[in-house]
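Undergrad: All I have is the shape, not the residue letters:
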C-alpha cells in the first residue's frame, strides 16, 4: 500500500482516499470484537527480544481510527512502534544497549491500582539485563504520555515530558525536549523521542536537546515521520 498520503494536506482528496484505503486493509484483518492481532515473538534472551516474554498485542479498530485522525493514542499503538524500534536497535552493536519496558505493565490504571506489580516488573526487568543498558519506558500516569529513561549505571532517571512539566524528585532529571503543540499529541511526541534516541549512536540524549531550546515544538512533518514508520511496520504484519 502506498503511504505518501500520510504527508499530504489533510483537507486533500489524496489524504481522504489514503485514510479510506488504510482502514480498509487494517479492518479487513480484524479477527475478533474489532481487534487486529499483532505478535511480539517470544525469546529467552531479553536483550534480543522486546519484553522477554510472549506477548500478543491487540490493536483495536478504535486505535487505528484514532491514529489516522491523530487523536490520543493508547498502549497498543506505542507498543507496536516499540517493536519497530527494537528491530532497529537489534541491528546495531552499540554499547550500552537500548532496552524497552512494556507500557501496559507500567501504565497507571486508576481502576486497578497495582503499584506493587508495576514495581516488581521494573525491578525484574532491570535485574535481567546488564547494568549498562539504557531503558526506555513510555509511561502514562493518567491521561498523558511521558518518556522515562533509566540509566542504572549512572544511577539516574531522566524524564522527557511533552508538556515540559517539572518533577520534584532530585533523582529525576528533566530533559527539555520539544513539546506537544496541543492536548492530544503527547503519545506521538514520546514515539519521536524514542526514535531520536534509538537512531543516535552516541546516545547523547542527556545533552543534545540543550542546544535545541529554541525548538519549542515538533513540526507536523516530524510527527508524521513516526506515523509513517508505524503504518509501514504494522501493515507488514496484517
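TA: Perfect, I can see it now. Source: prediction; values computed, not measured. Residues are numbered from 1 along each chain as shown.
Undergrad: State the number of residues packed around the nearest residue to residue 86 once chain neighbours are set aside.
TA: Here the nearest residue to residue 86 in space, its sequence neighbours aside, is residue 50; by C-beta to C-beta, 6 or more residues apart in numbering that works out to 4.9 Å. Yep, even glycine has a C-beta here, placed from its N, CA and C like the rest. The tally of other residues near residue 50 (other C-beta atoms under 10 Å) stands at 22.
Undergrad: wait, doesn't residue 50 sit right on residue 84?
TA: No - contact criterion C-beta atoms under 8 Å: residue 50 and residue 84 do not qualify, at 10.4 Å.
Undergrad: helix or strand for the residue nearest to residue 86, which one?
TA: Using DSSP states H and E, residue 50 sits in no helix or strand.
Undergrad: check contacts around it.
TA: 40, 82-83, 86, 100, 102 (C-beta atoms under 8 Å, 6 or more residues apart in numbering).
Undergrad: Out of those, flag the one nearest to residue 189.
TA: Nearest to residue 189 among the contacts of residue 50: residue 82, at 15.0 Å, using C-beta to C-beta.
Undergrad: What strand or helix carries that closest one?
TA: In this structure, residue 82 is located in helix 75-90 according to DSSP H and E.
Undergrad: which is the next helix or strand following the strand or helix carrying residue 56?
TA: Using DSSP H and E, the element containing residue 56 is strand 55-60. Counting by DSSP H and E, the element after strand 55-60 in chain order, helix or strand, is helix 61-68.
Undergrad: For that following helix, which helices and strands make contact with it?
TA: Contact partners of helix 61-68 among helices and strands, from 3 or more C-beta pairs under 8 Å, 6 or more residues apart in numbering; DSSP states H and E: helix 13-27, strand 35-40, helix 75-90.
Undergrad: which of the ones you listed has the lowest average pLDDT?
TA: Note on those: strand 35-40 shows the lowest mean pLDDT, a mean of 54.
Undergrad: who's in contact with the host helix or strand of residue 99?
TA: Taking DSSP H and E as the criterion, residue 99 maps to strand 98-100. Contacts with strand 98-100, where a contact means C-beta under 8 Å, 6+ apart, come from 46-47, 50-51, 82, 85-86, 89, 125, 129, 133-137, 197-198, 203.
Undergrad: Write a PyMOL command that selects only the buried members of the residues you listed.
TA: To isolate the buried ones among the contacts of strand 98-100 in PyMOL, judged by 16 or more other C-beta atoms under 10 Å, type:
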select buried, resi 46+50+51+82+85+86+89+125+129+133+134+135+136+137+197+198+203
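Undergrad: re the thing from before, next, the angle from the strand holding residue 56 to helix 75-90.
TA: 130 degrees (axes from the mean of the first three to the mean of the last three C-alpha atoms, to 10 degrees).
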